[in-house]
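> give me the fold of what follows.
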Amino acid sequence: MTLRLAHDQIIIAHGSLTVRMIPTLRAAYRLQRKHGLTRLMQGLDEGRLEIIRNIADECGDPITADKIIDRKFAGGFGRALASIQQPFADFLAACYGVDDDPNTPHHSETREQAGLGFDLTKALEDFFEIGTGWLGWTPADTWAATPAEILAAQRGLMARLKAIHGNAEDNTDHTARPYDPREEVSPEEVRAGLAKLKAEAGRGKQ
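Now for the predicted structure:
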């Protein structure tokens, strides 16, 4: 799955009120546990106010967002719904790390093609594990990031580890293709690389 690292600003506004919706891993995880992505998208499509307000609660400025929703829907349901559907859908896509390019296969589709199950809640927990475990971020910083940002940082870490220490292929196949930071990184590679860094740091203190 290709994730968009830098999303355009996601803004909802009405009159003098404006909110810049800030996508985060925390928002995705909370919404996933409460509703699930399928129900969220269905609720947004059908105009279910409970779902819409729950999404707004995770946008970074829920008080102003609720005021905007109230004022928009006071002026007519259809027009109000049409004005918020796209920004709310963009917000969910950024929170969950869902690529909005229809030509890009989704991670769940590729796993299903391989005969593997896909648990979206577990996938979000994996992002948290990468941030707090492999990258060494604080829980707060990890929750405040998006899946795309977490994976970009992971690729950067792996690029650094491989540039410093190389990998197993360097010792066996000197014709192997160069490292591509866009390629998938296995947990085993990350753990091995971190172990090498720790070993080097330990030798430096001696």
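> tell me which helix or strand of this protein sits lowest on mean pLDDT?
The weakest-scoring helix or strand in the chain, judged by mean pLDDT, DSSP states H and E, is helix 107-113 (a mean of 41).
> what helices or strands is the helix or strand just after that helix leaning on?
Proceeding N to C from helix 107-113, the next assigned helix or strand is helix 120-129, under DSSP states H and E. If you count contacts as 3 or more C-beta pairs under 8 Å, 6 or more residues apart in numbering; DSSP states H and E, helix 120-129 packs onto helix 25-34, helix 139-144, helix 147-165. (Glycine included, C-beta is placed from N, CA and C.)
> let's see 6 Å
helix 25-34 (3 or more C-beta pairs under 6 Å, 6 or more residues apart in numbering; DSSP states H and E).
> now the helix it packs on: buried residues?
When neighbours are counted by 16 or more other C-beta atoms under 10 Å, the buried residues of helix 25-34 are found to be Leu25, Arg26, Ala27, Ala28, Tyr29, Arg30, Leu31, Gln32.
> the fifth one against Asp126, yeah?
No - taking C-beta atoms under 6 Å as the definition, Tyr29 is not a contact partner of Asp126, at 11.2 Å.
> okay, and for this structure, where does confidence drop off?
Applying pLDDT under 70 to the chain picks out residues 1-8, 99-118, 166-206.
> domains of it?
If you go by automatic domain parsing, the domain ranges for the chain are 10-96, 119-205.
> in a helix, Ile11, correct?
No - the assignment for Ile11, made by DSSP: H, G, I helix; E, B strand; the rest coil, is strand rather than a helix.
> burial count for it?
Neighbour count of Ile11, defined by other C-beta atoms under 10 Å: 11.
> ok, Ile63 - contacts?
If a contact means C-beta atoms under 6 Å, 6 or more residues apart in numbering, then Ile63 has no contacts.
> can you check Cys95 too?
The contact partners of Cys95, by C-beta under 6 Å, 6+ apart, come to Pro23, Ala27, Ala28.
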